[in-house]
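**Q** Sequence and predicted structure are below.
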Amino acid sequence: MTKIAILGANGRMGRALIRALATDSQAQLSAAQVRPGNALIGTDAGTVAGTDALGVALGTNITGDVVIDFTSPDNTAKVAALCAENGQALIVGTTGLNQQQKAALEAAAKKVPVVFAPNMSVGVNLLLGLVELASSVLGDSVDVEIIEAHHRHKKDAPSGTALALGEAAAKALGRDLKNCAVYGREGITGERDRQTIGFATVRGGDIIGEHTVLFAGDGERIELTHKAHNRDTFATGALRAAHWAKGRAAGLYDMKDVLGLKG
C-alpha cells in the first residue's frame with residue numbers, strides 16, 4: 001500500500017488526484033494539504049473532491065511515503081527540500097519552474113527519488129517519442145511549429161508540455177532550443193528560418209490541454225496532436241508514478257522512466 005500526500009488538495013488537479021486515488025486499491029491518502037488559513041481545513045478530502053468521504057481532512061501536513069505536487073513553482077521548490085529532509089519520494093507536475101527552482105529538485109533528487117514531468121499523461125509521453133522519431137526522419141526538410149491551448153487560468157506560457165515537445169524535436173534535430181525557439185510572431189518578421197522551432201499559445205475558457213506539433217514541408221505536412229478531455233489522465237499518470245517511485249533509489253526521473261520508454 002502506497003501512502004500518498006496530495007498538495008493543493010482543493011485545486012483542480014488536487015481534486016482530480018483525490019478522485020483517482022479513491023478508486024486505487026493499492027493507494028491510501030495520507031494527507032491532503034492546503035495553505036494555512038484555508039477555509040476548508042478540517043473538511044473531509046473526499047467530500048471536497050466530490051467523492052465518498054475518505055476519513056482524511058484537509059490540513060497543512062504532508063505525511064506519507066510519496067508526495068504529489070501540482071501547485072506552484074515557489075511552493076514546489078520548498079516542498080522538494082522538505083521531502084529530501086523527510087525521506088519522501090516526490091512527484092512533480094508543476095510547470096513554469098525557473099532554473100533555480102529546477103536546481104532545488106535536482107538537489108532533492110540526490111537524497112530521494114523525484115519524478116519531474118511537465119505532463120503525466122501516458123498519451124503525451126508517447127507523443128514525445130513520436131515527435132523525436134518524426135524529427136529525426138524529416139530532419140531539415142520541414143518547418144516545426146508547436147501549437148498549444150489551455151484554460152484561461154493557466155499562468156505560464158508556453159506550457160511545460162509544449163516546451164518538452166520543443167526539446168524533443170530540437171534534440172532529434174541536433175539543435176539547442178534556447179537558441180532556435182521563436183515564441184510568437186508579430187509585424188514584418190521576414191521569411192521563416194527553417195532552423196527555428198516556433199511556438200503559438202492559446203488561452204481561453206476551460207480547455208484542459210491541447211498540443212499539436214506541426215511538421216510542414218513543401219507539398220505535405222504531418223500533424224501530431226494530443227487532446228486531454230479531462231484531468232483524470234494526468235491524475236492517473238501521477239499515481240502510476242507514485243507507485244513506481246516508492247522505494248526507488250534516489251535520483252531525478254521522468255515519465256519515460258516510469259513507463260519504461262527509455263531505450
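**A** Good, I have the coordinates. Numbers count the residues shown, from 1 in each chain.
**Q** Could you use CA atoms for every contact and neighbour count after this?
**A** Noted.
**Q** For the closest residue to Val122 other than its chain neighbours, give me the pLDDT.
**A** Nearest non-adjacent residue to Val122, counting by Cα to Cα, 6 or more residues apart in numbering: Gly237, 6.4 Å away. Per-residue confidence at Gly237 stands at 94 (pLDDT).
**Q** Over to Gly263?
**A** Value for Gly263, per-residue pLDDT: 61.
**Q** same deal with Ala5?
**A** In this model, Ala5 carries a pLDDT of 98.
**Q** tell me which element it is part of?
**A** strand 2-7 (DSSP states H and E).
**Q** Before we go further, the residue nearest to Val122 is sitting in a strand, right?
**A** No - Gly237: not assigned to a strand; according to DSSP: H, G, I helix; E, B strand; the rest coil it is helix.
**Q** My read is that it contacts Gly123, right?
**A** No - Gly237 lies out of contact with Gly123 (Cα atoms under 8 Å); the separation is 9.6 Å.
**Q** Give me the more crowded residue out of these two.
**A** Gly237 (20 against 16; other Cα atoms under 10 Å).
**Q** Tell me who's in contact with the more buried one.
**A** Taking Cα atoms under 8 Å, 6 or more residues apart in numbering, we find Gly237 in contact with Met120, Ser121, Val122.
**Q** go again using 10 Å as the cut-off
**A** Leu17, Ala20, Asn119, Met120, Ser121, Val122, Gly123, Met255, Val258, Leu259 (Cα atoms under 10 Å, 6 or more residues apart in numbering).
**Q** Pick the one among the residues you listed closest to Glu186.
**A** Asn119 (29.0 Å; Cα to Cα).
**Q** where does that closest one land in three-state SS?
**A** coil.
**Q** For it, which non-adjacent residue is closest in space?
**A** That would be Thr161: by Cα to Cα, 6+ apart, it lies 5.8 Å from Asn119.
**Q** Can I get stretch 28-46 in CSV, CA atoms only?
**A** Written as CSV, here are the backbone C-alpha positions of stretch 28-46 (Å, rounded to 0.1, in the frame of the first residue of the first chain):
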residue,chain,number,x,y,z
GLN,A,28,-4.0,5.3,0.6
LEU,A,29,-4.5,9.1,1.0
SER,A,30,-2.2,10.0,4.0
ALA,A,31,-2.5,13.8,3.8
ALA,A,32,-4.5,16.4,1.8
GLN,A,33,-2.5,19.6,2.1
VAL,A,34,-3.9,23.2,1.6
ARG,A,35,-2.4,26.5,2.5
PRO,A,36,-2.6,27.6,6.2
GLY,A,37,-5.8,29.5,6.9
ASN,A,38,-7.8,28.0,4.1
ALA,A,39,-11.5,27.9,5.0
LEU,A,40,-11.7,24.2,4.0
ILE,A,41,-9.3,23.0,6.6
GLY,A,42,-10.9,20.2,8.6
THR,A,43,-13.3,19.2,5.7
ASP,A,44,-13.0,15.6,4.5
ALA,A,45,-10.9,15.5,1.4
GLY,A,46,-13.3,13.1,-0.4
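**Q** re earlier: secondary structure element holding the residue nearest to Asn119?
**A** helix 160-173.
**Q** starting at the chain centroid, how far to that helix?
**A** The chain centroid and the centroid of helix 160-173 are separated by 14 Å under Cα atoms, centre = their mean, to the nearest Å.
**Q** Helices along the stretch 101-250 of the chain, start to end?
**A** 122-138, 160-173, 177-180, 232-245 (DSSP state H, counting those that start in this stretch).
**Q** so which of these comes closest to Leu97?
**A** helix 160-173 (8.9 Å).
**Q** sorry, back to before: in CSV: the helices of the stretch 101-250 of the chain, plus distance to Thr196.
**A** Formatted as CSV, the helices of the stretch 101-250 of the chain follow (distance: least, Cα to Cα, whole Å):
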stretch, distance to Thr196
helix 122-138, 13
helix 160-173, 9
helix 177-180, 5
helix 232-245, 30
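**Q** Low-confidence regions, the chain specifically.
**A** Applying pLDDT under 70 to the chain flags residues 263.
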